[in-house]
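**Q** quick one, what's the 3D model for this:
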Amino acid sequence: MTPTAHLSSSALPTLSSAQVKAADALAQERFGVAVDWLMEAAGWQVARFCQGPTAVVCGVGNNAGDALAAARHLRRWGRLASVSCLDVTRLRGAAARELDVLRKLGVEVANTFTLGGAEVVLDGIFGTGLSRPPEGAFAEWIESINSSSARVVSVDLPSGLDADSGVAYAPTVQAHTTVTLGLPKAGLVNRDGPRHAGEVWVVDIGIPFEVYAALGVDAPASLFSTQDRFRLEATQS
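**A** Take a look at the predicted model:
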């Protein structure tokens, strides 16, 4: 790994939940960069932060797909302890394809929360689409993550955190590290975000900068020219 690079949050634009959704659509429809490719890159990047036996915990959206992609790499590296998914029947598109690959490799995906002796929990329950407090099994799994003694790595943002406002709903994952994809999400640097996100790392997943430009987001084209990940020094607003 290259020496740790740091960048102030004031040096980067942030994305709203609506912009994240629009960026995925634009990347595929206008520029031919499939969501599957972005999910693969996200999984690879996130897995690199999981040092030690890892329990992968998934929800039902694309955030879950990123975590499932990470699980496959962790399996190759001998660091996968378990995979739990809240409801595999609700996975669609690229996320469902990641699940299919895992199953073909003989990986068991449990429908109950399990740590399997893990030292690390990879939180892939909620992504940027959450706009209300988690309920039912979703809330129970978040509470189980927080009550574990494992180190927590969250995909894109801690589950339970509002991606736009930075409000931490009850409950919200308390992460040690958050690996945010492409650009930081607004909620990571506002309100409760810094308190729940832990160390925030921004990683390259291959989104063309033309996508950001089309959305009116001024992202520096040289952002990942020397490193594919760096630590964000967020200041609470």
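**Q** what score does Gly52 have for pLDDT?
**A** Looking at Gly52, its pLDDT stands at 96.
**Q** cool, Pro220 as well?
**A** pLDDT for Pro220: 88.
**Q** again with Ser10
**A** For Ser10, pLDDT reads 64.
**Q** need the phi and psi values for the residue minimising distance to the centre of the chain.
**A** When CA atoms, centre = their mean is applied to the chain, the residue found nearest the centroid is Val155 (1.7 Å). Taking degrees, to the nearest 10, you get phi -90, psi 120 for the backbone angles of Val155.
**Q** how close does it sit to Pro133?
**A** 20 Å (CB to CB, to the nearest Å). Backbone N, C-alpha and C define where each C-beta goes, glycine included.
**Q** ok, now His196?
**A** 14 Å.
**Q** which residues touch the helix or strand harbouring Leu102?
**A** Counting by DSSP states H and E, the element that carries Leu102 is helix 93-104. With contacts defined as CB atoms under 8 Å, 6 or more residues apart in numbering, helix 93-104 is touched by 34-36, 39, 43, 60-62, 64-65, 68-69, 71-72, 75, 83, 85, 88, 91, 109.
**Q** which element follows it toward the C-terminus?
**A** Later in the chain than helix 93-104, the nearest helix or strand by DSSP H and E is strand 120-124.
**Q** residues in contact with Gly52?
**A** By CB under 8 Å, 6+ apart, Gly52 lies in contact with Arg79, Ala118, Glu119, Val120, Arg151.
**Q** that older thread, who has more neighbours, His196 and Pro133?
**A** Neighbour totals were compared for His196 and Pro133, and His196 leads with 22 against 15 (other CB atoms under 10 Å).
**Q** backbone phi and psi for the more buried one, please?
**A** Torsion angles, degrees, to the nearest 10, at His196: phi -100, psi -20.
**Q** ok, it - contacts?
**A** Taking CB under 8 Å, 6+ apart, we find His196 in contact with Pro158, Gly160, Leu161, Ala168, Thr172, Val173, Gln174, Ala175.
**Q** likewise for Ala81?
**A** Contacts of Ala81 (CB under 8 Å, 6+ apart): Pro53, Thr54, Ala55, Leu115, Gly116, Gly117, Ala118.
**Q** let's see that with 10 Å instead.
**A** Neighbouring residues of Ala81 by CB atoms under 10 Å, 6 or more residues apart in numbering: 50, 52-56, 71, 74, 114-122, 150.
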